[in-house]
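Q: from the sequence below, what's the structure:
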Amino acid sequence: SFLFYLIMTNAFSTDGMLVILLLTLCTCSYISRVPRLREMLLSERKGFLGAFYKFSVIGRRLHWAVSLGCFSMSLYLLVIK
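A: Here you go, the predicted structure:
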């Protein structure tokens, strides 16, 4: 219930969408490193579940950009906002 409230209040703002996107990228790239989780969750490459596979590929190939985005978003949320 609290997680749903947190996602729904942040989903309609630009910075909230960026946070959700960055967290999805980081989670999917982590899941792709664990063999059992990769078999279960990232085996589909088309459709709705295929988006998570594509997020994991982006997270692995652009890991420096994703980490820079996470760091800058954390500074923005902690200092500016």
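Q: contact partners of the lengthiest helix in the chain?
A: Among the segments of the chain that qualify as a helix by DSSP state H, the longest is helix 14-31. Outside helix 14-31, the residues that touch it by Cβ atoms under 8 Å, 6 or more residues apart in numbering are 7, 9-11, 37-38, 41-42, 52-53, 55-56, 58-60, 63, 66, 69-70, 73, 76-77, 81. Glycine gets a C-beta too; all of them are placed from N, C-alpha and C.
Q: CA atoms only for the helix or strand where L68 lies, dumped as PDB, please.
A: Counting by DSSP states H and E, the secondary-structure element that holds L68 is helix 63-75. Backbone C-alpha positions of helix 63-75 (Å, rounded to 0.1, in the frame of the first residue of the first chain) are rendered in PDB as follows:
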ATOM      1  CA  HIS A  63      26.800   1.400 -17.000                       C
ATOM      2  CA  TRP A  64      28.800   4.600 -16.700                       C
ATOM      3  CA  ALA A  65      26.000   6.700 -17.900                       C
ATOM      4  CA  VAL A  66      23.500   5.000 -15.600                       C
ATOM      5  CA  SER A  67      25.700   5.400 -12.600                       C
ATOM      6  CA  LEU A  68      26.300   9.000 -13.400                       C
ATOM      7  CA  GLY A  69      22.500   9.500 -13.800                       C
ATOM      8  CA  CYS A  70      21.800   7.800 -10.400                       C
ATOM      9  CA  PHE A  71      24.500  10.000  -8.800                       C
ATOM     10  CA  SER A  72      23.200  13.200 -10.300                       C
ATOM     11  CA  MET A  73      19.600  12.300  -9.500                       C
ATOM     12  CA  SER A  74      20.500  11.600  -5.900                       C
ATOM     13  CA  LEU A  75      22.200  15.000  -5.600                       C
END
